[in-house]
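Student: Using only what follows, build the 3D model:
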Amino acid sequence: MEIAILVIGLIFSIIVHEVAHGAMADHLGDPTARLAGRLTLNPLPHIDPIGSIVLPALSLMTGGFIFGWARPVPYNPYNLKNPKKDSLKVAAAGPLSNIALAILLGLLYKAFLAFGIISGNTPQTTSFFLSLIQLNIVLAIFNLMPIPPLDGSKIFTPFLPMRTQVFLEQFGIILVFALIFFGWPIIAKIVSFITGLLFALLAI
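Tutor: Residues are numbered from 1 along each chain as shown. Predicted structure coming up:
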């Protein structure tokens, strides 16, 4: 049951991430995602059977790096008012939506405690909220890595030397999987730090 809830939470968080990309693009002048019916939290238009269900479930059950993906929300940068600058905003919208969702979950947890809806002495409840908060922070941090096709490549790569950009474009997928299987200890420390900082700021 706990695994099922976390998989559902991961799928919802990934969908929020993708919708945020499309909503930002729509706001900046590109209606592609809206016209394609992708500005919705309905999971059906977004789910990729392998990336949204199979891999998250397997990674959770094996205790490994939790990862997955949804069908990317389409957008046309040439419809944007300022394609170069606005593309950065579209890319950043996804990770920022997961940070916002983590903060919202923290506030919700704090409100539930304050109004006695849940008890802080219930380990399962605390674990549930903490896991969902960490899932969203993982999604944000992972996607901010400057490796194609992750969002961070669109945000940070343009500022890197051309030789580095070419290298990342050529070996991006290999580097992503290397990050998934070997970079988890580093990412886990970053996630733990940000989670602790968030809880401190929210006084949880």
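Student: Just want the most central residue of this structure.
Tutor: Nearest to the mean C-alpha position of the chain, by C-alpha atoms, centre = their mean, lies Leu139 at 3.2 Å.
Student: mind checking pLDDT for the nearest residue to it once chain neighbours are set aside?
Tutor: In space, Leu139 comes closest to Asn98 once its chain neighbours are excluded; the distance is 4.4 Å by C-beta to C-beta, 6 or more residues apart in numbering. C-betas here are computed from N, CA, C, even on glycine. The predicted local distance difference test score for Asn98 is 96.
Student: Can you tell me the element Asn98 falls in?
Tutor: Asn98 is part of helix 83-114 when elements are defined by DSSP states H and E.
Student: how far is that helix from where the chain is centred?
Tutor: Relative to its parent chain, helix 83-114 has a centroid offset of 9 Å by C-alpha atoms, centre = their mean, to the nearest Å.
Student: same question, stretch 136-151
Tutor: If you compare the mean C-alpha spot of stretch 136-151 with that of the full chain, they lie 7 Å apart, counting by C-alpha atoms, centre = their mean.
Student: Help me confirm that Ala91 comes into contact with Lys154.
Tutor: Yes: in this structure Ala91 lies within contact range of Lys154 using C-beta atoms under 8 Å: 3.7 Å.
Student: How about the contacts made by Leu101?
Tutor: Shown here is Leu101, whose contacts under the criterion C-beta atoms under 8 Å, 6 or more residues apart in numbering are Ser13, Val16, Asn136.
Student: at 6 Å instead, please
Tutor: Val16, Asn136 (C-beta atoms under 6 Å, 6 or more residues apart in numbering).
Student: What score does it have for pLDDT?
Tutor: 96.
Student: ditto for the one 5 residues further on
Tutor: Per-residue confidence for Gly106 comes out at a pLDDT of 92.
Student: Next: Asn121.
Tutor: Reading off the confidence values, Asn121 has pLDDT 69.
Student: re earlier: just to check, the residue nearest to Leu139 is in contact with Ile137?
Tutor: No: the pair Asn98 and Ile137 does not pass the contact test of C-beta atoms under 6 Å, sitting 7.1 Å apart.
Student: The helix or strand where the residue nearest to the centre of the chain lies vs helix 83-114, what angle?
Tutor: When secondary structure is defined using DSSP H and E, the element that contains Leu139 is helix 123-143. Orientation check (axes from the mean of the first three to the mean of the last three C-alpha atoms, to 10 degrees): helix 123-143 against helix 83-114 gives 170 degrees.
Student: After helix 123-143, heading C-terminal, what element do we hit next?
Tutor: Reading on from helix 123-143 to the C-terminus, the next helix or strand found by DSSP H and E is helix 151-156.
Student: Format the CA atom coordinates belonging to the helix or strand just after that next one as CSV.
Tutor: From helix 151-156 onward toward the C-terminus, using DSSP H and E, the following helix or strand is helix 162-182. Only the C-alpha atoms of helix 162-182 are listed here, as CSV (Å, rounded to 0.1, in the frame of the first residue of the first chain):
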residue,chain,number,x,y,z
MET,A,162,30.8,25.2,-26.8
ARG,A,163,33.0,22.2,-26.4
THR,A,164,31.2,21.2,-23.2
GLN,A,165,27.9,21.8,-24.8
VAL,A,166,28.8,19.4,-27.7
PHE,A,167,30.0,16.8,-25.2
LEU,A,168,26.8,16.9,-23.2
GLU,A,169,24.7,16.7,-26.3
GLN,A,170,26.6,13.6,-27.5
PHE,A,171,26.7,11.7,-24.2
GLY,A,172,23.6,13.2,-22.4
ILE,A,173,21.6,10.0,-22.1
ILE,A,174,24.6,8.0,-20.9
LEU,A,175,25.4,10.7,-18.3
VAL,A,176,21.7,10.7,-17.2
PHE,A,177,21.8,7.0,-16.5
ALA,A,178,25.2,7.3,-14.8
LEU,A,179,23.7,9.9,-12.6
ILE,A,180,20.7,7.6,-11.8
PHE,A,181,22.8,4.6,-10.9
PHE,A,182,26.0,6.2,-9.4
